[in-house]
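Student: fold the following and give me the result.
(4 chains)
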Number of protein chains: 2
Amino acid sequence: MARNARENKAGPPARPRTRSAAKPAARRGRAADNSPYHHGALHDALLKAAERVLERDGLGGLTLRAVAREAGVSHAAPTHHFGDLTGLLSELAAIGFRMFNAAMVAANNSETHPLMKGMASAKAYVAFAQAHPGMYGLMFRNERLDMTRPSLHEAASASFAGLARGVGASRQEKIPGEELEALSLDQAAAIARAWSLVHGFTMLLLDGRLKDILHRMPEGTAPDRLLEAMLRSTGRPPGG
Amino acid sequence: MARNARENKAGPPARPRTRSAAKPAARRGRAADNSPYHHGALHDALLKAAERVLERDGLGGLTLRAVAREAGVSHAAPTHHFGDLTGLLSELAAIGFRMFNAAMVAANNSETHPLMKGMASAKAYVAFAQAHPGMYGLMFRNERLDMTRPSLHEAASASFAGLARGVGASRQEKIPGEELEALSLDQAAAIARAWSLVHGFTMLLLDGRLKDILHRMPEGTAPDRLLEAMLRSTGRPPGG
DNA sequence: TGTACATCAGTGAACGCGCGTTCACTGATGTAC
DNA sequence: TGTACATCAGTGAACGCGCGTTCACTGATGTAC
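Tutor: From the prediction side, this is the model:
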């Protein structure tokens, strides 16, 4: 039945497994460099490579093989470290959530007045997504994440707790951010409102859906300006 | 070099192109039915099949070949009608926008008081996304759409114009919905606010990110209830 | 009413691609003695 | 200090899959005369 062999299209059809003894041990068909057989810190290197691929080629381009290529190792190496694609994506998303949390904490600490804290956090939220659009999509579009992975679950929960805490602070009351604690309808509405606003704005912005609005505003308003005006407005008619 | 031939794995390796004269003309290896060679309305049938595939298997499962399978025609048939996958997706998204617009208009007409109109529209917006989650994702996540296609551009623009009109009505002022007309900062902020709120809520809901909140609310609050409370609240602290 | 012919819609085989996964193997590192 | 050996990280070939696209062909429909 002559199965196909795509991986050596141009080479000799069935090179024997034993390597030519004359070939130096350090040159093994990979890039003609001095890289050792063992990478040493491939786990982290693969995650860094994955982030580059994600931001360059988008979620669709983020495959095990693409990550291996980007890291300069054989395409089977990532499986060794992450099991499968979901494993890699989940660990990468966990890193994203940690970065995101750090940015939120920093923004929150940059202001003292509760309302200013809220504005600074919202700006930092959108800025993070603009700086890491691929990562933001990976984190919040959850296509192929395994949220039961401890590292990811923990980082994502911390991010939600931070959001709840922030909303509580701006309402000058304590909102339980930890799991299993109950929320009143008012508290839940406040959290959903803040998150929906900033998440919706972010998604529309990243997907280019706000272009229409921005183009029709006074002299090329920047997204930041629109965000600020949006958060300042009450959502009520001008007279009421 | 023995190229592989996947499409006839088990059959005779190279069936001659001329068919056996003994075989009746109507039975051609397709399903053993009486379906004629020409479908007659394949264009529409393919779009309907695509919608079924989209809602059943998600955006990732929506391929030209899957649509052809669902419609029961050869896998090369869709290319004939849509050119490529982007063409099919774009026409499908245009249909989605038209359905969406109709739902918005109906909701808007169902109430007379401006504030009630807004609430009804928001509920209809979320309800549409819940009823057609795949379609909503296709329309608003624009991964592979060609927004320059006239049919799609027109339907999407109409949808935006309707949104602007609705926001204007709730502010009891006219907001220019057509293209090229300018928006004040206040008007733009009001539109961005309404759209971000409802789009963000929808995306978080569809992606399961509101589960945490809903589970911690009084006795299994439905998403509708949370949406209502969210839209009613001012977003300001309780005392202010 | 019949007949030749152009046009069109749909078919099925084939090509080439990238992917995830498996597997025997290789080369380096660390450990026991 | 040396040596045998287990363990581990990474390799490269191979398999099978589904995909988009192309292409010669087929069968039906419509039109001119």
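Student: what number of residues are in the vicinity of A:Gly61?
Tutor: Residues contacting A:Gly61 under the criterion other CB atoms under 10 Å in any protein chain shown number 12. Quick note: C-beta positions are derived from backbone N, CA and C, even for glycine.
Student: which residues touch it?
Tutor: A:53-54 (CB atoms under 8 Å, 6 or more residues apart in numbering or on different chains).
Student: next up, the contacts around A:Glu163.
Tutor: Quick fix: residue A:163 reads Leu, not Glu. A:Leu163 touches A:104, A:177, A:191, A:194-195, counting by CB under 8 Å, 6+ apart.
Student: excluding chain neighbours, what is closest to the residue of chain A found nearest chain B?
Tutor: Closest to chain B within chain A is A:Gly200: 2.5 Å, counting by CB to the nearest CB. Of all residues not flanking A:Gly200 in the chain, B:Gly200 sits nearest, at 2.5 Å (CB to CB, 6 or more residues apart in numbering or on different chains).
Student: which SSE is that neighbour in?
Tutor: helix B:185-206 (DSSP states H and E).
Student: just A:Leu138 next, same as before
Tutor: Under the criterion of DSSP H and E, A:Leu138 resides in helix A:133-140.
Student: that helix packs against which elements?
Tutor: Contacts defined by 3 or more CB pairs under 8 Å, 6 or more residues apart in numbering or on different chains; DSSP states H and E place helix A:133-140 against helix A:42-57, helix A:85-109, helix A:185-206.
Student: which element follows it toward the C-terminus?
Tutor: Next helix or strand after helix A:133-140 toward the C-terminus (DSSP H and E): helix A:150-170.
Student: what's the distance between that following helix and the middle of its chain?
Tutor: Computed by CA atoms, centre = their mean, to the nearest Å, the chain-centroid distance of helix A:150-170 equals 16 Å.
Student: how big is the angle separating that helix from helix A:185-206?
Tutor: 110 degrees (axes from the mean of the first three to the mean of the last three CA atoms, to 10 degrees).
Student: buried residues in helix A:150-170?
Tutor: Within helix A:150-170, the residues scored as buried using 16 or more other CB atoms under 10 Å in any protein chain shown are A:152-153, A:155-170.
Student: helices and strands around the helix holding B:Gly200, which ones?
Tutor: In terms of contacts (3+ CB pairs under 8 Å, 6+ apart), helix B:185-206 is packed against helix A:185-206, helix A:211-215, helix A:223-232, helix B:114-131, helix B:133-140, helix B:150-170, helix B:223-232.
Student: of those, which is nearest A:Met119?
Tutor: Of all the helices and strands packed on helix B:185-206, helix A:223-232 sits nearest to A:Met119, with 6.2 Å by CB to CB.
Student: residues in contact with that closest one?
Tutor: A:118-119, A:122-123, A:126, A:130, A:197, A:201, A:205, A:210, A:213-214, A:217, B:185-186, B:188-189, B:192-193, B:196.
Student: which members of these come out as buried by neighbour count?
Tutor: Neighbour-count burial (16+ other CB under 10 Å) is assigned, among the contacts of helix A:223-232, to A:118-119, A:122-123, A:126, A:197, A:201, A:205, A:210, A:213-214, A:217, B:185, B:188-189, B:192-193, B:196.
Student: if we can go back for a sec, C-alpha coordinates for the helix holding A:Leu138, CSV please?
Tutor: C-alpha atoms of helix A:133-140 as CSV (Å, rounded to 0.1, in the frame of the first residue of the first chain):
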residue,chain,number,x,y,z
PRO,A,133,-4.0,40.8,22.1
GLY,A,134,-3.2,37.1,21.4
MET,A,135,-2.8,36.4,25.1
TYR,A,136,-6.0,38.2,26.0
GLY,A,137,-7.9,36.1,23.5
LEU,A,138,-6.3,33.0,24.8
MET,A,139,-7.2,33.9,28.4
PHE,A,140,-10.8,35.1,27.8
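Student: so is it next to DNA strand C?
Tutor: No. Contact of helix A:133-140 with DNA strand C is not found when judged by CB under 7 Å from any atom of the strand; the minimum separation is 14.1 Å.
Student: what angle do helix A:114-131 and that helix make with each other?
Tutor: Inter-element angle recorded for helix A:133-140 and helix A:114-131: 110 degrees (by the same axes, to 10 degrees).
Student: just how off-centre is helix A:133-140 within its chain?
Tutor: Taking CA atoms, centre = their mean, one finds helix A:133-140 lying 4 Å from the centre of the chain it belongs to.
Student: what does stretch A:186-200 give?
Tutor: For stretch A:186-200, the separation from the chain centroid amounts to 21 Å (computed by CA atoms, centre = their mean).
Student: and it, average pLDDT?
Tutor: Across stretch A:186-200, the average pLDDT comes to 96.
Student: same check, this time on stretch A:88-100
Tutor: Stretch A:88-100 comes out at a mean pLDDT of 97.
Student: swap in stretch A:73-85?
Tutor: In this model, stretch A:73-85 has an average pLDDT of 94.
Student: what comes into contact with it?
Tutor: With CB under 8 Å, 6+ apart, stretch A:73-85 has contacts from A:39, A:42-43, A:46, A:63-65, A:67-69, A:71, A:88, A:91, A:144.
Student: okay, the contacts of A:Leu163 in a markdown table with neighbour count and distance to B:Ala77 next?
Tutor: Listed next are these as a markdown table, based on neighbours: other CB atoms under 10 Å in any protein chain shown; distance: CB to CB, whole Å:
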| residue | neighbour count | distance to B:Ala77 |
| --- | --- | --- |
| A:Met104 | 21 | 51 |
| A:Gly177 | 19 | 54 |
| A:Ile191 | 26 | 49 |
| A:Ala194 | 24 | 49 |
| A:Trp195 | 22 | 44 |
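Student: state the pair within those residues that is farthest apart.
Tutor: By the measure CB to CB, A:Met104 and A:Ile191 form the most distant pair in the contacts of A:Leu163, at 14.2 Å.
Student: need the pLDDT of the residue nearest to A:Ala189 when sequence neighbours are not counted.
Tutor: Excluding the flanking residues, the one nearest A:Ala189 by CB to CB, 6+ apart is B:Ala229, at 3.8 Å. pLDDT recorded at B:Ala229 is 95.
Student: and B:Ala229, how far is that from B:Ser170?
Tutor: According to CB to CB, to the nearest Å, B:Ala229 and B:Ser170 sit 18 Å apart.
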